[in-house]
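Engineer: My questions are about this predicted structure, shown below with the sequence.
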Amino acid sequence: MKVRGHCFVWHQQVPKWLTTGITNHEYDETALNQILRNHIAIVAQHYSGKVWAWDVVNEAFNADGTMRSTIWYDAPGIGLAGQGTAYIEQALRWAHAADPKAELFYNDYDTEALNAKSDAIYAMAKDFHLRGVPLNGIGFQTHVNLKFDDPKALFSFAANLKRFSDLGMDIHTPNSTSPSMTTASRVCRRKVSSTAKSRKSVCRILPAVFCRPGVSPTNTRGFPATARASRAGRYPSMLRIRKSPPTTEWCTRSKPGDSAIKRRSISTSQTASSWKFPISVSSSVNSLHC
């Protein structure tokens, strides 16, 4: 079983001690740079060889294609405020240095169709590809509803994914929700327009995401019983990945200084408190140990 990690850099699910410290001006750009670099290095190295792909940066763009204002970009940022996708590039390079064999992704929502946001992400991916920045693919969250079950929307989705694929990007849908799978199944059972050619076009462009020509690609009623039993049997092995972590693993605490580890999360770096303060940021900062 392959394990996919989500995610290293996000403006949400950030521990309170960090956001409070930023508000109180305890951490400047230099400190945040070191905090994020240590976070990526510690987690990626610990799971090297166990996690095959990572969403390195999550939801960094606004709907109009501009950069979202976050603590990692410009409030205060890691020293690259106002430089567009430079902080995303930096995070990718840190992740690649920590685990050179892992596949690295950028992940976002409302990017399925051709729009300002997907255009901005495509421009970033193209730029990174040309300059050799370690970006292997794009995660499309596909939180779509039944309004997406429309020929125009589906062809826009197909054209969008195709341009990323033509660029050499792998395409993942790591956050797909049930309505999108229901829509996908229905699309492949019927024509998306008045001609069979239209249906075949969608199914040909999106084989890994939606369809296989002539068959219903998804099980809209849940996993079969045999699949559920097999999957349940793998949970112990998943949890063993987290057994006996090194003292540098980022632990779950309600606040810095707590002596007890409250919880471990299989989602690793996404959880709000799954952060451990770096051992050294400056001489004036105290370190925490698990």
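Structural biologist: Right, received. Where do you want to start? Numbering: from 1, shown residues only.
Engineer: Would you verify that F105 is located in a helix?
Structural biologist: No - the secondary structure assignment for F105 gives strand rather than a helix, going by DSSP: H, G, I helix; E, B strand; the rest coil.
Engineer: low-scoring stretches of the stretch 151-290 of the chain, by residue?
Structural biologist: For the stretch 151-290 of the chain, applying pLDDT under 70 flags the ranges 176-225, 227-290.
Engineer: mind running it again at 50?
Structural biologist: Along the stretch 151-290 of the chain, the model assigns pLDDT under 50 to residues 178-202, 204-205, 207-221, 238, 241-290.
Engineer: any chance you could map the strands in this protein?
Structural biologist: Counting by DSSP state E, one finds strands in the chain at the ranges 3-9, 51-58, 103-108, 137-140, 170-172.
Engineer: which stretch among these comes nearest W17?
Structural biologist: strand 3-9 (17.6 Å; CB to CB). Just so you know, the C-beta spots here come from the backbone N, C-alpha and C atoms, and that holds for glycine as well.
Engineer: elements contacting the closest one?
Structural biologist: Packing partners of strand 3-9 (3 or more CB pairs under 8 Å, 6 or more residues apart in numbering; DSSP states H and E): helix 29-46, strand 51-58, helix 86-98.
Engineer: Which stretch among the ones you listed is buried most, on average?
Structural biologist: strand 51-58 (a mean of 23; mean count of other CB atoms under 10 Å).
Engineer: Hey, what's the angle from that one to strand 3-9? Just curious.
Structural biologist: 30 degrees (axes from the mean of the first three to the mean of the last three CA atoms, to 10 degrees).
Engineer: Just checking: what are the partner strands of strand 51-58?
Structural biologist: Using DSSP bridges, the strands paired with strand 51-58 are strand 3-9 (parallel), strand 103-108 (parallel).
Engineer: For that strand, output the C-alpha coordinates as PDB.
Structural biologist: Below are the C-alpha coordinates for strand 51-58, written out as PDB (Å, rounded to 0.1, in the frame of the first residue of the first chain):
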ATOM      1  CA  VAL A  51       5.500   8.200   2.000                       C
ATOM      2  CA  TRP A  52       5.900   8.100  -1.800                       C
ATOM      3  CA  ALA A  53       4.300  11.500  -2.600                       C
ATOM      4  CA  TRP A  54       3.700  14.800  -0.800                       C
ATOM      5  CA  ASP A  55       1.400  17.800  -1.300                       C
ATOM      6  CA  VAL A  56       4.100  20.200  -0.500                       C
ATOM      7  CA  VAL A  57       2.000  23.400  -0.700                       C
ATOM      8  CA  ASN A  58      -1.700  23.700  -0.400                       C
END
